[in-house]
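**Student:** dropping the sequence and predicted coords here.
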Amino acid sequence: DAKTTQPNSMESNEEEPVHLPCNHSTISGTDYIHWYRQLPSQGPEYVIHGLTSNVNNRMASLAIAEDRKSSTLILHRATLRDAAVYYCILVGGSNYKLTFGKGTLLTVNP
Amino acid sequence: DAGVTQSPTHLIKTRGQQVTLRCSPKSGHDTVSWYQQALGQGPQFIFQYYEEEERQRGNFPDRFSGHQFPNYSSELNVNALLLGDSALYLCASSFPGTGNEQFFGPGTRLTVL
């Protein structure tokens, strides 16, 4: 499985933008970049995914580097509810599973 | 529209016993995956069911088995429980395809004493 590298933790202030980085230098051409988050005492929640182009949805934006070896999840205005562990996961080919690493623990200060 | 539901919410068993966990997928989804999440760790993939067949399996022993029913609901069975099987068991449903997101249930907390 292609591996991703994320910082262990990040901190943000409420209502400020947050940029969560992810490195995936061994990504293959057919791998999608998925982001999930897990709030305390809940199951993981899908956030966004993309292949090559930047993507936006109601929750976040995903910026993908031109060489696809890194990506950044952007929360435009962090709220206290965004405090969670964020996972960057590569999914592709005949691999249907999600391989979770340790993720980034995001703390949002009021 | 109901999301993914799992039962029971919590379960306590003793070593050597067997357990069955249940999952109903989100409406319209036909693929179910199971994950194990130990305390402080990310979820680990157990297996995925599609068209009532196990399509992919993670690195888990044969004590872990599953089933998918014609209505797409699924069961996870664990035999000969070990203390190390204590974890949160998560079910996720999706449409098939690598680009599609998985929707997770709230999980079943299994404690093995």
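**Tutor:** Right, received. Where do you want to start?
**Student:** residues in contact with B:H10?
**Tutor:** Residues in contact with B:H10, defined by Cβ atoms under 8 Å, 6 or more residues apart in numbering or on different chains, are B:T108, B:R109, B:T111. Where C-beta positions appear, they are placed from N, C-alpha and C, glycine not excepted.
**Student:** contacts with chain A among those residues, please.
**Tutor:** By Cβ under 8 Å from any Cβ of the partner chain, no member of the contacts of B:H10 lies near chain A.
**Student:** can I get those in CSV including pLDDT, secondary structure and neighbour count?
**Tutor:** Below are the contacts of B:H10 laid out as CSV (pLDDT from 0 to 100; DSSP: H, G, I helix; E, B strand; the rest coil; neighbours: other Cβ atoms under 10 Å in any protein chain shown):
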residue, pLDDT, secondary structure, neighbour count
B:T108, 97, strand, 21
B:R109, 97, strand, 16
B:T111, 97, strand, 13
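**Student:** setting aside sequence neighbours, what's the nearest residue to the residue sitting furthest away from the middle of chain A?
**Tutor:** Here chain A reaches farthest from its C-alpha mean at A:P110, the gap being 22.3 Å by Cα atoms, centre = their mean. If you skip the residues right next to it in sequence, A:P110 has A:E14 as its closest partner in space, 5.3 Å away by Cβ to Cβ, 6 or more residues apart in numbering or on different chains.
**Student:** wait, the one you found sits on A:A83?
**Tutor:** No. Checked against Cβ atoms under 8 Å, the pair A:E14 and A:A83 is beyond contact range at 9.8 Å.
**Student:** comparing those two, which residue is more hemmed in?
**Tutor:** Between A:E14 and A:A83, counting by other Cβ atoms under 10 Å in any protein chain shown, A:A83 is the more crowded of the two (18 against 14).
**Student:** what sits against that one?
**Tutor:** Each residue near A:A83 by Cβ under 8 Å, 6+ apart is listed here: A:L39, A:P40, A:L106, A:T107, A:V108.
**Student:** how about it: what's its closest non-neighbour residue?
**Tutor:** Excluding its sequence neighbours, the residue lying closest to A:A83 (Cβ to Cβ, 6+ apart) is A:V108, at 4.6 Å.
**Student:** before we move on, the earlier item: and the pLDDT for the residue farthest from the centre of chain A?
**Tutor:** A:P110 carries a pLDDT value of 94.
**Student:** what do you get for B:P96?
**Tutor:** Listed pLDDT for B:P96 reads 66.
**Student:** so A:C22 is in which element?
**Tutor:** According to DSSP states H and E, A:C22 maps onto strand A:18-23.
**Student:** for that strand, buried residues please.
**Tutor:** A:V18, A:L20, A:C22, A:N23 (16 or more other Cβ atoms under 10 Å in any protein chain shown).
**Student:** now for the spatially most central residue of chain B: which residues touch it?
**Tutor:** When Cα atoms, centre = their mean is applied to chain B, the residue found nearest the centroid is B:W34 (3.1 Å). By Cβ under 8 Å, 6+ apart, the contact list for B:W34 reads B:C23, B:F45, B:I46, B:F47, B:Q48, B:G66, B:S74, B:L76, B:Y89, B:L90, B:C91, B:A92.
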